[in-house]
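>>> no sequence for this one, just the structure:
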């Protein structure tokens, strides 16, 4: 009898254990880890773009020194190309105008528009020695990319190499040196051996004071690309188009406006796919595609359509304002479509992570 009782007790214990095991909650799924995605965008897009910008501006400084020493058609064209080459990584950085470029005021010291031609002429006519330090202290509308552009191309974009004054050569050289100082400071502000702003993103959700979660870092990236899409559609394109005022067109002296706007769209692409090439890497795209391949395809298509439509504007942006406004409007529509997808679909996706 005792043996039967013991067997019954053992059976009861097994049943109880089995019931308790069935009733126990399943272990919680591990939280998604986006550190590789954040690291790749930070290092291989943002820092890599700023490194390229600084290197290209160094080339511009050297080329302008060569132009000053030996004025010629060839050296003028080489200087203009060096400006375009440096302009490209800057425009491709505008999808992430957060952090030091904004907080430390680097943007207005590099890219203020329009140029203050009246005050610039006054500086050119005064007797002050034109050094980097002197240019550094001037207002943003008297230095940076667009002042160099104005001096290289002139108001109508057809300045001849033999029409430069000695004073203009001095201003160009000092202005480029000032720009180089800013690009070096901006790059240094991000890298670990400098200001190390990148660490704020790399430690998102793990001690970062700026980004308490990895999602907040991803939101920063997405808000950055939304901002530049809005600026291109509703500022850079809309202002000269809606008013017919070509003086509102950025980079009009060099006729580089279309390239600027297309590179702004490439900035969005670079952040989204996590690469400066078309190959892609750990990125926002790879996060989205895991659960919403349709949205990922939509974003990529909208980016490419915005680039294609901008580049398809006939002639220069200046001439198209009056000759082909429909083409500009078509490009504006594509950029606005992209903005809507980024703001209404992509950001909502990221917010829901």
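Yep, it's here. If you're wondering where the values come from, they're calculated on a predicted model, not measured in any experiment. Residues are numbered from 1 along each chain as shown.
>>> Show me the helices in the stretch 201-350 of the chain, by range?
Ranges of helices in the stretch 201-350 of the chain, per DSSP state H, counting those that start in this stretch, are 214-231, 238-243, 257-273, 284-291, 293-311, 317-323, 325-340, 347-351.
>>> what angle sits between the first one and helix 284-291?
I take that to be helix 214-231. Calculated by axes from the mean of the first three to the mean of the last three CA atoms, to 10 degrees, helix 214-231 forms an angle of 110 degrees with helix 284-291.
>>> hmm, who's touching helix 214-231?
Contacts with helix 214-231, where a contact means CB atoms under 8 Å, 6 or more residues apart in numbering, come from 33-35, 37-38, 41, 94-98, 201, 204-205, 208, 211, 264-265, 267-268, 271-272, 284, 287, 306, 335-336, 338-339, 342-343, 346-347, 350-351, 353. In short, each C-beta sits where N, CA and C put it, glycine included.
>>> Among the residues you listed, name the buried ones.
Using 16 or more other CB atoms under 10 Å as the burial test, the contacts of helix 214-231 include 34-35, 37-38, 41, 94-98, 201, 204-205, 208, 211, 264-265, 267-268, 271-272, 284, 287, 306, 335-336, 338-339, 342-343, 346-347, 350 as buried.
>>> that older thread, nearest to residue 53, of the helices of the stretch 201-350 of the chain?
Taking CB to CB, helix 257-273 is the member of those nearest to residue 53, at 11.7 Å.
>>> Direction-wise, compare that closest one with helix 214-231 and give the angle.
With the same axes, to 10 degrees defining the directions, helix 257-273 sits at 160 degrees from helix 214-231.
>>> residues near the residue lying closest to residue 325 once chain neighbours are set aside, how many?
Nearest non-adjacent residue to residue 325, counting by CB to CB, 6 or more residues apart in numbering: residue 241, 6.5 Å away. For residue 241, the count of nearby residues is 19 (other CB atoms under 10 Å).
>>> ok, now how distant is residue 241 from residue 147?
Using CB to CB, to the nearest Å, one gets 25 Å for the distance from residue 241 to residue 147.
>>> list the helices and strands the helix ranked longest in the chain packs on?
Looking across the chain with DSSP state H, the single longest helix is helix 166-190. Helices and strands touching helix 166-190, by 3 or more CB pairs under 8 Å, 6 or more residues apart in numbering; DSSP states H and E, are helix 48-69, helix 100-103, helix 106-111, helix 117-125, helix 132-136, helix 145-153.
>>> Residue 247 is nearest to which of these?
Nearest of the helices and strands packed on helix 166-190 to residue 247, taken as CB to CB: helix 117-125 at 10.2 Å.
>>> and the angle from the closest one to helix 145-153?
Put simply, helix 117-125 runs at 70 degrees to helix 145-153, going by the same axes, to 10 degrees.
>>> Name the residues of helix 117-125 that come out as buried.
120, 123.
>>> And it, what does it pack against?
helix 145-153, helix 166-190.
>>> how much space between the nearest residue to residue 208 once chain neighbours are set aside and residue 33?
Nearest residue to residue 208, sequence neighbours excluded (CB to CB, 6+ apart): residue 200, at 5.1 Å. Per CB to CB, residue 200 is found 18 Å from residue 33.
>>> So residue 195: helix, strand or coil?
Here residue 195 is recorded as coil under DSSP: H, G, I helix; E, B strand; the rest coil.
>>> Tell me who's in contact with it.
Taking CB under 8 Å, 6+ apart, we find residue 195 in contact with 100, 188-189.
>>> tell me the pLDDT at it?
As predicted, residue 195 sits at a pLDDT of 98.
>>> now do residue 303
At residue 303, the predicted lDDT confidence score is 98.
>>> pretty sure it is touching residue 265, no?
Yes: contact criterion CB atoms under 8 Å: residue 303 and residue 265 qualify, at 6.1 Å.
>>> Identify the contacts common to the two.
Shared contacts of residue 303 and residue 265 (CB under 8 Å, 6+ apart): residue 338.
>>> in the protein, which ranges drop under the pLDDT threshold?
Applying pLDDT under 70 to the chain flags the ranges 1-29.
>>> count of residues packed around residue 158?
A total of 9 residues lie near residue 158 under the criterion other CB under 10 Å.
>>> With adjacent residues omitted, what lies nearest to residue 336?
The spatial neighbour of residue 336 that comes closest, neighbours along the chain excluded (CB to CB, 6+ apart), is residue 233 at 4.6 Å.
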